[in-house]
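# got a sequence here, can you build the structure:
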Amino acid sequence: MADLSSNLAGIKSPNPFWVASGPPSNTAYQTHRAFEAGWGGLVWKTIGTPIVNVASRYSALNFGNQRMIGFNNIELISDRSPETNFAEIAEVKKRWPHHAVIASLMVETREEWREFVKRAADCGADGIELNYGCPHGMCERGMGSAVGQQPEVAERITSWVMETATIPVIVKLTPNITDITAAARAAKRAGANAISLINTINSITNVNLDTFVPEPTVAGLSSHGGYCGPAVKPIALNMVQCCAADAQVGLPISGIGGIANWRDAAEFMALGATNVQVCTAIMHYGFRIVQDMNEGLSTYLDSKGMKSLAELVGKSVRNVNEWKNLDLNFQRVARIDYDKCIGCNLCYIACEDGAHQCIDLLAPESIGVDLGPGRVPHKVLPKIREDDCVGCNLCALVCPVDNCITMVEIKNDKPKMSWSELQDKVARGEMKPIPPHP
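Reported below is the predicted structural model:
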């Protein structure tokens, strides 16, 4: 069985699954429940000067029958006193000495940062996470994403923290920035031990078309909030890979953003994350989801012959490259398994109206398809003209039947040729420029 133990910048936990800073990590009671369920670590809800929250606080983006594919919140940091939070961290560490407990902090002045960093260490926290990511409420007070969006400010504050820190420091980055590696490099220059990303994305999820007030509504008004959940996973994966691939960053990464199962976690790790943090999925389904995460990741590693997480971390980083370096002569086409085709013809519609018009609708007998007894009769079925297919994948993506349409590589005699190589050959006079498509 693969070893799931994790070590992020010296912070050890029995597995790589941490509860992210947020509503599920607000109290000792919740932390005990999380660790009993099987979570390896937890980042405490951000501690700072207590605030007053509003009601309501959450809204969501639903799609079809799926609830909360995107989740929006206008909740702020902990509304409980620092004394209560630090005391409960100490309580948790006494009961769970081998689980990671991280104190998330957000204050304003250098003196406050030094004080809170010391208090976090004194209560037994295994590490500190600096919250530079909240996109609402706190940023209006000069904290949260107001810091994370200015690398020079993030570097300065992190350096204040590192003057006092005696335990590992993780800088949590905001995605509400043009280039997240600039902030990650700033954390590295300031001496941080690790980074975590992404925090939530600025958003408005929906508008009530009767009142014309977006959700969540507070006395007839609303505000932009922090967006998270499954919908943000692609954005998070991209930013994690960017930081992992940047030689000037070179810091361990705790991956966050839309993680709901072991596959999500494995993808984050393959793109460079040492461990992962989960919040929205817990709010949706509860702490017990970690049991399937642990079991699924362990089974996956065993199936790949991997003995530990370290063999997975970063395995996909170098497989992401600039578009200019991709092979222009690589070719593949779509093929239909007619034993699985239900004749919905959605592939035809998508290709005809949204892609490259290379699918025809033909009588089944004309394309050699025997519907036979028990098969639903169809007057027409889709047929791909492979000579015209550009391999865009759209038909396979819209098909409602798994593996009915697959993409097949077509071997050709053309040498590998990237855009960069093509331009070099044109500049040397070895090739002519590509003519425009008629």
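
# all contacts plus neighbour counts: C-alpha atoms, from now on.
Fine.

# just for the stretch 1-150 of the chain, where's the confidence low?
Residue ranges of the stretch 1-150 of the chain with pLDDT under 70: 136-146.

# tell me where it has helices.
For the stretch 1-150 of the chain, the helices identified by DSSP state H, counting those that start in this stretch occupy 28-37, 82-95, 110-122, 145-148, in order along the chain.

# now render the ones you listed as a markdown table, adding mean neighbour count.
Listed next are the helices of the stretch 1-150 of the chain as a markdown table, based on neighbours: other Cα atoms under 10 Å:
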| stretch | mean neighbour count |
| --- | --- |
| helix 28-37 | 17 |
| helix 82-95 | 17 |
| helix 110-122 | 18 |
| helix 145-148 | 26 |
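
# among those, which is nearest residue 49?
helix 82-95 (7.3 Å; Cα to Cα).

# other SSEs contacting that closest one?
Helices and strands touching helix 82-95, by 3 or more Cα pairs under 8 Å, 6 or more residues apart in numbering; DSSP states H and E, are helix 28-37.

# for the helix it packs on, which outside residues touch it?
Helix 28-37 is contacted by residues 19, 24-25, 41-42, 88-89, 91-92, 96, 99, 287-288, 290-291 when judged by Cα atoms under 8 Å, 6 or more residues apart in numbering.

# among those residues, the buried ones, what's the PyMOL command?
Buried residues within the contacts of helix 28-37, as defined by 16 or more other Cα atoms under 10 Å, are selected in PyMOL through the command that follows:
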select buried, resi 19+24+25+41+42+88+89+92+96+99+287+288+290
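
# from the contacts of helix 28-37, which is closest to residue 166?
In terms of Cα to Cα, no member of these lies closer to residue 166 than residue 89, at 16.8 Å.

# which one of the contacts of helix 28-37 is nearest to residue 61?
For the contacts of helix 28-37, the residue nearest residue 61 by Cα to Cα is residue 24; the value is 20.1 Å.

# quick check: the closest one touching residue 282?
Yes - in this structure, residue 24 is within contact of residue 282 by Cα atoms under 8 Å, at 7.1 Å.

# if I look at residue 131, how far off is residue 153?
Separation of residue 131 from residue 153 (Cα to Cα, to the nearest Å) stands at 13 Å.

# higher neighbour count, the two?
When residue 131 is set against residue 153 and neighbours are counted by other Cα atoms under 10 Å, the residue ahead is residue 131, at 27 against 15.

# hmm, that one is touching residue 104, no?
Yes - using Cα under 8 Å, residue 131 makes contact with residue 104 at a distance of 6.4 Å.

# pull up the overlap in contacts between those two.
The contact sets of residue 131 and residue 104 overlap at residue 46 (Cα under 8 Å, 6+ apart).

# secondary structure class for residue 382?
Secondary structure state of residue 382, per DSSP: H, G, I helix; E, B strand; the rest coil, is strand.

# got the contact list for residue 131?
Contact partners of residue 131, counting by Cα under 8 Å, 6+ apart, are 46, 104, 105, 106, 144, 171, 172, 173.

# burial of the last one, as a residue count?
Taking other Cα under 10 Å as the neighbour definition, residue 173 ends up with a count of 30.

# cool, the second one as well?
Residue 104: 30 surrounding residues under other Cα under 10 Å.

# that one: what's it in contact with?
Going by Cα under 8 Å, 6+ apart, residue 104 touches 21, 43, 44, 45, 46, 47, 128, 129, 130, 131.

# now a ChimeraX select for only the buried ones of these.
Taking 16+ other Cα under 10 Å as the burial criterion, the selection of buried members of those in ChimeraX is written as:
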select :21,43,44,45,46,47,128,129,130,131
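
# and residue 350, backbone torsions?
Backbone torsions for residue 350, taken as degrees, to the nearest 10, come to phi -60, psi -40.

# quick one, what contacts it?
Contacts were defined as Cα under 8 Å, 6+ apart; by that measure residue 350 touches 394, 395, 398.

# now do the SS call for the second one.
Read it as residue 395. Relying on three-state DSSP, one would call residue 395 helix.

# surely it and residue 347 touch.
Yes - Residue 395 lies in contact with residue 347 (Cα under 8 Å); the separation is 4.6 Å.

# higher neighbour count, these two?
Taking other Cα under 10 Å, residue 395 and residue 347 do not tie; residue 395 has more neighbours (26 against 22).

# ok, back up a step: go through the contacts of residue 350 and name the one nearest residue 54.
Taking the contacts of residue 350 together and measuring to residue 54 by Cα to Cα, the closest member is residue 398, at 41.0 Å.

# and the pLDDT for that closest one?
Model confidence at residue 398, given as pLDDT, is 98.

# from residue 354, how far off is it?
Residue 398 sits 11 Å away from residue 354, going by Cα to Cα.

# next one: residue 95
Shown here: residue 95 relative to residue 354, a distance of 58 Å by Cα to Cα.

# give the contact list for residue 13.
Neighbour list for residue 13: 5, 6, 7, 40, 41, 98, 99, 100 [criterion: Cα under 8 Å, 6+ apart].

# likewise residue 125?
Shown in contact with residue 125 (Cα under 8 Å, 6+ apart): 89, 90, 93, 100, 101, 102, 103.

# out of those residues, which is nearest to residue 364?
Using Cα to Cα, the shortest approach to residue 364 within the contacts of residue 125 belongs to residue 100, at 60.6 Å.

# from residue 79, how far out is the nearest residue to the closest one once chain neighbours are set aside?
The spatial neighbour of residue 100 that comes closest, neighbours along the chain excluded (Cα to Cα, 6 or more residues apart in numbering), is residue 41 at 4.2 Å. Computed with Cα to Cα, the distance linking residue 41 and residue 79 is 22 Å.

# ok, and the closest non-adjacent residue to residue 117?
residue 165 (6.1 Å).

# surely the one you found and residue 116 touch.
No - using Cα under 8 Å, residue 165 makes no contact with residue 116, being 9.9 Å away.

# quick one, longest strand in the protein?
Taking residue count as the measure and DSSP state E as the definition, the longest strand of the chain comes out as strand 66-73.

# may I see the buried residues of that strand?
Judged by neighbour count (16+ other Cα under 10 Å), strand 66-73 contains these buried residues: 68, 69, 70, 71, 72, 73.
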